[in-house]
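Q: sharing a model prediction with you, sequence too.
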Amino acid sequence: RRRHTRSLCDWSSDVCSSDLALSSKRTKNAASSFIQASKVEIKSPCDFGVIGPDIFYLDRVSLSTDQCYSCLLDDAVSIKNCVAEVTFPFTKDPKLLCNNMPEMMKRAKKQWNILSKKGDDYLRVYNDQFRDFEQRGVIVRVPKEEIKAWQKAGGIVNFISHHAVMQPNKPSTPVRVVSNYSQFDNGSSLNNCTVAGPNQLASLHKLLLRFRKYNEEYSYDLSKCYHTLRTGPVEKFRRLLIWRYDENDPWIVFAYVSLAFGDKAAAGLLESVKRKIGEEALKLKLDPYAVDALVNQSYVDDGVGGS
């Protein structure tokens with residue numbers, strides 16, 4: 001048995017960022033499906049502070065069928081030239097979110113003090129995690145001028161908190177960065193404005209039964225799969241966070257520009273991406289067995305197969 005580490009880039013060339021607002025063209029078919037399935041009102045256009053295409057959102061969170069949720073998630077994913085682009089499936093107007101920078105600055109300072117008291121190793125590893133995110137393009141620095149320009153254009157900004165999760169059983173990564181997308185400000189949160197969708201994960205029972213029938217088996221892992229799915233300006237300015245690398249450095253504003261663990265729709269969007277990558281791969285006449293392994297024999301970022 002062999003285990004291989006793969007990334008979604010191996011399956012879909014590369015994943016890059018894009019303006020992930022749902023345009024009227026991309027959501028027209030989905031909107032009709034929503035209305036037929038559960039009579040959900042669709043408002044259009046609805047300016048969420050994005051310069052460019054209109055954005056659709058579900059005015060009432062009254063989706064009663066898995067079909068509606070799945071349609072919403074699928075429409076939030078597009079594959080162009082072997083590049084996957086994802087957008088958050090908003091079910092509430094994200095203008096409900098507010099500029100909560102003062103409060104998040106307090107939490108960042110508190111987190112710094114907590115890690116400092118625990119010892120230099122904890123603070124160093126936490127900083128290393130942030131640097132790794134920045135080097136891999138998971139987060140980017142956002143200058144004050146960029147934030148002001150976004151607000152001047154009518155955009156909304158929202159900050160999220162982050163904290164350390166201790167992992168004493170993992171010597172290589174004793175501390176992990178975890179962001180809180182469910183924090184409530186002004187009566188709402190980022191995750192409260194999006195939909196998770198139905199459980200689209202493969203059946204572990206069926207996967208294991210199918211795995212046991214092979215004479216030769218393999219397993220693989222989609223390395224950093226969430227972080228390879230890029231997001232756009234709508235999600236960027238609603239996932240701002242504050243940190244610094246040294247006590248004498250000024251505080252820095254970062255922003256997530258990719259999907260991340262903790263995003264409510266992350267699991268559903270990943271499954272939609274895998275399906276659409278499979279569809280594109282078949283159109284390009286790529287190996288159907290590889291497509292089957294990705295789409296039908298994987299559980300989140302882990303997969304198995306054989307012959």
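A: Looks like it arrived, so ask away. Numbering: from 1, shown residues only.
Q: C-alpha only now, for contacts and for neighbours.
A: OK.
Q: centroid residue for this protein?
A: Closest to where the C-alpha atoms of the chain average out (Cα atoms, centre = their mean) is Leu259, at 2.2 Å.
Q: now that residue: how far from Lys144?
A: As judged by Cα to Cα, to the nearest Å, Leu259 and Lys144 stand 23 Å apart.
Q: so which helix or strand takes in Gln111?
A: Using DSSP states H and E, Gln111 maps to helix 101-118.
Q: so how far is that helix off the chain centroid?
A: When C-alpha coordinates are averaged (Cα atoms, centre = their mean, to the nearest Å), helix 101-118 and its chain have centres 25 Å apart.
Q: name the helices or strands packed onto it?
A: Judged by 3 or more Cα pairs under 8 Å, 6 or more residues apart in numbering; DSSP states H and E, helix 101-118 is in contact with helix 120-135, strand 161-166, strand 240-243.
Q: now those as TSV including distance to Ala196?
A: Formatted as TSV, those follow (distance: least, Cα to Cα, whole Å):
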stretch	distance to Ala196
helix 120-135	24
strand 161-166	21
strand 240-243	21
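Q: buried deepest among these, which one?
A: Across these, averaging neighbours per residue (mean count of other Cα atoms under 10 Å) puts strand 240-243 on top, at a mean of 23.
Q: buried residues in the next helix or strand after that one, which are they?
A: Counting by DSSP H and E, the element after strand 240-243 in chain order, helix or strand, is strand 252-256. For strand 252-256, burial by neighbour count (16 or more other Cα atoms under 10 Å) applies to Val253, Phe254, Ala255, Tyr256.
Q: separation between the last one and Val304?
A: I take that to be Tyr256. For Tyr256 relative to Val304 (Cα to Cα), the value is 31 Å.
Q: tell me how many other residues crowd Phe237.
A: 24 (other Cα atoms under 10 Å).
Q: find the nearest non-adjacent residue to it, please.
A: Val157 (5.0 Å; Cα to Cα, 6 or more residues apart in numbering).
Q: contacting residues around the one you found?
A: Contacts of Val157 were listed using Cα atoms under 8 Å, 6 or more residues apart in numbering, and they are Leu97, Cys98, Asn99, Ile147, Gln151, Phe237, Arg238, Leu240.
Q: figure out the helix or strand that it lives in.
A: Val157 belongs to no helix or strand, assigned by DSSP H and E.
Q: tell me the pLDDT at Lys39?
A: pLDDT, Lys39: 36.
Q: quick one on the thing from earlier: isn't the residue nearest to the centre of the chain up against Gly268?
A: No. Applying Cα atoms under 8 Å as the test, Leu259 and Gly268 come out as separate, 11.5 Å apart.
Q: re the thing from before, in CSV: the buried residues of strand 252-256, plus distance to Ala76 and pLDDT.
A: Formatted as CSV, the buried residues of strand 252-256 follow (distance: Cα to Cα, whole Å; pLDDT from 0 to 100):
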residue, distance to Ala76, pLDDT
Val253, 27, 97
Phe254, 24, 97
Ala255, 20, 96
Tyr256, 18, 95
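Q: tell me the one of those residues nearest Tyr181?
A: Tyr256 (11.5 Å; Cα to Cα).
Q: can you tell me the element Phe261 falls in?
A: Counting by DSSP H and E, Phe261 is found in no helix or strand.
Q: wait, it sits on Tyr226?
A: Yes. Using Cα under 8 Å, Phe261 is in contact with Tyr226, at 6.9 Å.
Q: hang on, the earlier thing: tell me which of the helices and strands packed on helix 101-118 approaches Arg275 most closely.
A: helix 120-135 (26.6 Å).
Q: so what secondary structure elements neighbour the very next helix or strand once past that closest one?
A: The helix or strand immediately downstream of helix 120-135 is strand 139-141, counting by DSSP H and E. Under the contact criterion of 3+ Cα pairs under 8 Å, 6+ apart, strand 139-141 touches strand 252-256.
Q: and the strand it packs on, how far out from the chain's middle?
A: The answer for strand 252-256 is 16 Å, by Cα atoms, centre = their mean.
Q: list the buried ones in the next helix or strand after that strand?
A: For strand 252-256, the following helix or strand on the C-terminal side (DSSP H and E) is helix 266-283. The neighbour-count check on helix 266-283 (16+ other Cα under 10 Å) flags 266-278, 280-281 as buried.
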